[in-house]
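A.B. asks: build me a model:
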Amino acid sequence: MKNSIQLLLLVVLITTACEENILETTPYGQSTSSQFWRNGEDAVAAANAMYEPLVVEDFYGHSEHTFDIPSDDQFRAGDHGEDQAIESFTFDAGNPQLFYGWRHKYEVISRTNAVLINVPDISMDQTLKDRTLGEAHFLRGFMYWRFAVIYGGVPIILEADVLANNYNKPRASLVETYAQIESDLLKAAELLPASHGADDLGRANKGAANGLLAKLYLYQEEFDKTITFGQKVLDGPYPLADNFQENFQVQTQNNPEVLFSIQSLQGWQDNTHIIYTTPRPWGGWDFHEPVQDLIEEFEEGDPRLDYTVYKAGDMVDLGGDKGMTEYTSDLSSTGYHFRKYSSWNPQGGLNMNHNNPILRTADVMLMVSEAKIRLGQNGDAEINAVRARAGRSNLSSATMEDLIHERRVELAGENQRHQDLIRWDKDNLVDIVALYKKDLGPLKPPRNFERPKHYLFAIPQREIDLSNGVLTQNPEY
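C.D. replies: All right, here's what the predicted structure looks like:
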């Protein structure tokens, strides 16, 4: 996929409008230009363009990760006032972080709709056509998934809406949004191949669709379906990497465990998230710093700690003239930085080929384990497989307390913790109010999480205004 990323320019120039919101989006999916939508090459170019917005700074380059900074894993750091308000639950509907990613999600949806409208009529290889349509269904489902966990129900824009130029729609309910996600992901799982060849690594595959379905069902407490679709991943060609760190090294980051990640290509599509999470003296911007409470969650001797965070005394090869350099606690406000997102070129400087992992087999294993535990079944096999890779001892009759611990240490910094705590709080498995009132030090003092208000973030006021009131706000904002 990275080898063909140059094709993005072609389709972007032909089909992309850089609108600020969905209400201003040009319905380019209607295009029947003789200059495009002619053959399989055009279909692949359009498919590549669906992925392009994911990596931008105001989306997964940074902004999407700010929805995890309220968690007890990290301090926001950096110099963005809007991030401070998100972390402390003092934000209002005018906070810029609330709409940065909003527009990019709908841009991806707009591009997927264009593919789903035009590609079916192209005469091309059927296997390639199926793959392209499967990618569109996956990415549309993924975007609505991110909308759902952040804002709840949102306006659902599908092919028929594009053809009718019908964009100013009211919000769908959360149930309706979940149903659309399910529909898209089921279709993606049907159409996508199990895996891709070397030239197409990074594209969504069947494992990504089934894994996200398992997560969707887990959030809806449909635990039997979580197990069913999670098992499709565990039975597929998606084994855990031999070593935890292989998921976060440029040379091995597209291994089979990584079901889906935001791809980055130095000099073309740079993943700025690695700049945000890196110390300033080392070329970064110094955001998202792990806190001591997270460090103490790791069991003594757990090697995942060493590859999750930089801590005092660690030696890091920064390449070039700097070479091996010691990490010191004064590089960070908390004494730590996340290590999962940084690599350096041999000649020096951050290696911008470093991807941003979104879904891994280890996550799916823990979801299946959780579903079994919550059904009163034994989830030891799955949780112990994750623990065994880290050299941890096997658990017997693992509990939800064990599961909550394991998800925290395995997935730290991967944009999961805050949403995990919200869904567990809804089921009285944790007390998120008490957790967020915990004093994590002067940088992360006690905060007031309000139920049910803060289960969702505010709909961007800007979008409500542009809709002339068709778009409505979440309760209590």
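
A.B. asks: nearest residue to Tyr144 other than its sequence neighbours?
C.D. replies: Ile181 (4.9 Å; Cβ to Cβ, 6 or more residues apart in numbering). C-betas here are computed from N, CA, C, even on glycine.

A.B. asks: count of neighbours near that neighbour?
C.D. replies: The burial count assigned to Ile181 is 25, neighbours taken as other Cβ atoms under 10 Å.

A.B. asks: what do you get for the one 4 residues further on?
C.D. replies: If you count neighbours by other Cβ under 10 Å, Leu185 ends up with 28.

A.B. asks: do the same with Asp200
C.D. replies: 16.

A.B. asks: and it, how far from Asn168?
C.D. replies: To Asn168, Asp200 is 37 Å away according to Cβ to Cβ, to the nearest Å.

A.B. asks: same check, this time on Met50
C.D. replies: Counting by Cβ to Cβ, the separation of Met50 from Asn168 is 23 Å.

A.B. asks: more neighbours: those two, which one.
C.D. replies: A count of neighbours by other Cβ under 10 Å puts Met50 above the other of Met50 and Asn168, at 28 against 14.

A.B. asks: now do the strands in this structure.
C.D. replies: Under the criterion DSSP state E, the chain contains strands at 74-77, 258-262, 287-290, 309-310, 315-317, 324-326, 337-338, 356-360.

A.B. asks: give me the angle between the last one and strand 258-262.
C.D. replies: When you say that, I think you mean strand 356-360. 150 degrees (axes from the mean of the first three to the mean of the last three Cα atoms, to 10 degrees).

A.B. asks: give me the average confidence score over strand 356-360.
C.D. replies: Averaging pLDDT along strand 356-360 yields 97.

A.B. asks: kindly export that strand (C-alpha atoms) in PDB.
C.D. replies: What follows is strand 356-360, C-alpha atoms only, in PDB (Å, rounded to 0.1, in the frame of the first residue of the first chain):
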ATOM      1  CA  ASN A 356      -0.100   4.200  14.500                       C
ATOM      2  CA  PRO A 357      -1.700   0.800  15.500                       C
ATOM      3  CA  ILE A 358      -5.500   0.800  15.900                       C
ATOM      4  CA  LEU A 359      -6.500  -2.800  16.400                       C
ATOM      5  CA  ARG A 360      -4.300  -5.800  17.400                       C
END
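
A.B. asks: center of the chain, which residue is that?
C.D. replies: Closest residue to the average C-alpha location of the chain: Ile358 at 4.2 Å, with Cα atoms, centre = their mean.

A.B. asks: need the contact list for that residue.
C.D. replies: 259-262, 415 (Cβ atoms under 8 Å, 6 or more residues apart in numbering).

A.B. asks: quick one: which of those has the most company?
C.D. replies: Of all the contacts of Ile358, the most densely surrounded is Leu259 (25 neighbours; neighbours counted as other Cβ under 10 Å).

A.B. asks: shouldn't that one be in contact with Arg360?
C.D. replies: Yes - using Cβ atoms under 8 Å, Leu259 is in contact with Arg360, at 6.2 Å.

A.B. asks: so where's the stretch 251-400 of the chain uncertain?
C.D. replies: For the stretch 251-400 of the chain, no stretch has pLDDT under 70.

A.B. asks: can you map out the helices along it?
C.D. replies: Ranges of helices in the stretch 251-400 of the chain, per DSSP state H, counting those that start in this stretch, are 273-276, 292-297, 303-308, 361-374, 380-389, 400-410.

A.B. asks: how about those in a markdown table, adding mean neighbour count and distance to Ser342?
C.D. replies: Below are the helices of the stretch 251-400 of the chain laid out as a markdown table (neighbours: other Cβ atoms under 10 Å; distance: least, Cβ to Cβ, whole Å):
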| stretch | mean neighbour count | distance to Ser342 |
| --- | --- | --- |
| helix 273-276 | 25 | 5 |
| helix 292-297 | 16 | 17 |
| helix 303-308 | 19 | 11 |
| helix 361-374 | 25 | 20 |
| helix 380-389 | 20 | 22 |
| helix 400-410 | 19 | 19 |
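
A.B. asks: circling back to that earlier point, report the contact partners of the residue nearest to Tyr144.
C.D. replies: Contacts of Ile181 (Cβ under 8 Å, 6+ apart): 141, 144-145, 148, 216.

A.B. asks: before we move on, what about Lys322?
C.D. replies: Residues in contact with Lys322 (Cβ under 8 Å, 6+ apart) are Gly348.

A.B. asks: and the gap between it and His337?
C.D. replies: Following Cβ to Cβ, the distance that separates Lys322 from His337 is 16 Å.

A.B. asks: could you list the domains of this protein?
C.D. replies: Annotated domains of the chain cover 2-69+79-218, 273-351 [automatic domain parsing].

A.B. asks: comparing those domains, which comes out most buried?
C.D. replies: With neighbours defined as mean count of other Cβ atoms under 10 Å, those peak in mean count at domain 2-69+79-218, which reaches a mean of 20.

A.B. asks: just put the helices of the stretch 251-400 of the chain in CSV and tack on distance to Gln35.
C.D. replies: Output for the helices of the stretch 251-400 of the chain, formatted as CSV (distance: least, Cβ to Cβ, whole Å):
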stretch, distance to Gln35
helix 273-276, 35
helix 292-297, 52
helix 303-308, 48
helix 361-374, 42
helix 380-389, 50
helix 400-410, 48
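
A.B. asks: between these, which gets nearest to Tyr327?
C.D. replies: Tyr327 sits nearest to helix 303-308 of all the helices of the stretch 251-400 of the chain, at 11.2 Å, using Cβ to Cβ.

A.B. asks: give me the contacts around the closest one.
C.D. replies: 244-245, 248, 290, 295, 298, 311, 314, 338-340, 390-391, 409-410, 412-413.

A.B. asks: follow-up on the earlier one: got TSV for the domains of the chain, with distance to Leu471 too?
C.D. replies: Shown next, in TSV, are those (distance: least, Cβ to Cβ, whole Å):
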stretch	distance to Leu471
domain 2-69+79-218	6
domain 273-351	29
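
A.B. asks: cool, thanks, signing off.
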